[in-house]
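[1] Fold the following.
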Amino acid sequence: MPHYPLVQLTTVEDCDAALDIARNEQKDLEWKRLSFERQQEQYGKNSISIEAELMGKQFERNSLKTVIAALPDGQMKTENIKRLTKIEYSILLLETRKTNYGSVALVEKNYEIQRVQRELEETAAFISEIEKHKSTL
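    Now for the predicted structure:
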């Protein structure tokens, strides 16, 4: 358990002030954790749909590349090249969404939840230490 320089808290009022600060921080951290958990849940849902859509677009791109390679020069080939450009742009957008709201973001939110959880544990330990110290005054 960490050791805090609580001897500097010389009165019950000092302890109460420190407890108020710590408890407010604890409430903020609990709110942050809840927010991250909700984001994680949403990112989990998004991750599945983004991955599925991305796979579909990649398959479509690969198929279209094969078709374009087999086509002679002309209007049909030009139209398919334009279509390929649109598909590649869609893939770029999906990859950006994947980073911001999909599987990558899901991992990041998990990390943030774990970090906040550790902060909550440390804050609870701090509160406990102050309460113990306060009882000795």
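
[2] hey, let's count contacts and neighbours off CA atoms from now on
    Noted.

[3] Quick one: neighbours of residue 120, just the number.
    19 (other C-alpha atoms under 10 Å).

[4] Let me see the contact set for it.
    26, 29-30 (C-alpha atoms under 8 Å, 6 or more residues apart in numbering).

[5] Pipe those residues into CSV and attach distance to residue 44 per row.
    Shown next, in CSV, are those (distance: C-alpha to C-alpha, whole Å):
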residue, distance to residue 44
26, 27
29, 22
30, 21
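
[6] ok, how many other residues are close to residue 68?
    Other residues within reach of residue 68, judged by other C-alpha under 10 Å, total 18.

[7] Where does the prediction get shaky in this structure?
    1-2 (pLDDT under 70).

[8] what do you get if the cut-off is 80, keeping everything else the same?
    Across the chain, the ranges flagged by pLDDT under 80 are 1-3, 102-103.

[9] who are the neighbours in contact with the residue nearest in space to the middle of the chain?
    What sits nearest the mean C-alpha location of the chain, by C-alpha atoms, centre = their mean, is residue 109, with 2.6 Å. Under the criterion of C-alpha under 8 Å, 6+ apart, the neighbours of residue 109 are 36-37, 39-40.

[10] Please flag which of those sit within helices.
    Under the assignment DSSP state H, the contacts of residue 109 contribute 36-37, 39-40 to helices.

[11] Now, of these, which are buried?
    36-37, 39-40 (16 or more other C-alpha atoms under 10 Å).

[12] hang on, the earlier thing: could you dump the contacts of residue 109 to a markdown table with distance to residue 96?
    Listed next are the contacts of residue 109 as a markdown table, based on distance: C-alpha to C-alpha, whole Å:
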| residue | distance to residue 96 |
| --- | --- |
| 36 | 20 |
| 37 | 22 |
| 39 | 17 |
| 40 | 17 |
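
[13] All the helices of this structure, residue numbers only.
    12-70, 75-101, 103-135.

[14] So for residue 4, which of those helices sits nearest?
    Closest to residue 4 of the helices of the chain is helix 103-135 (C-alpha to C-alpha; 7.8 Å).

[15] relative to helix 75-101, how tilted is that closest one?
    Angle, helix 103-135 to helix 75-101, by axes from the mean of the first three to the mean of the last three C-alpha atoms, to 10 degrees: 10 degrees.
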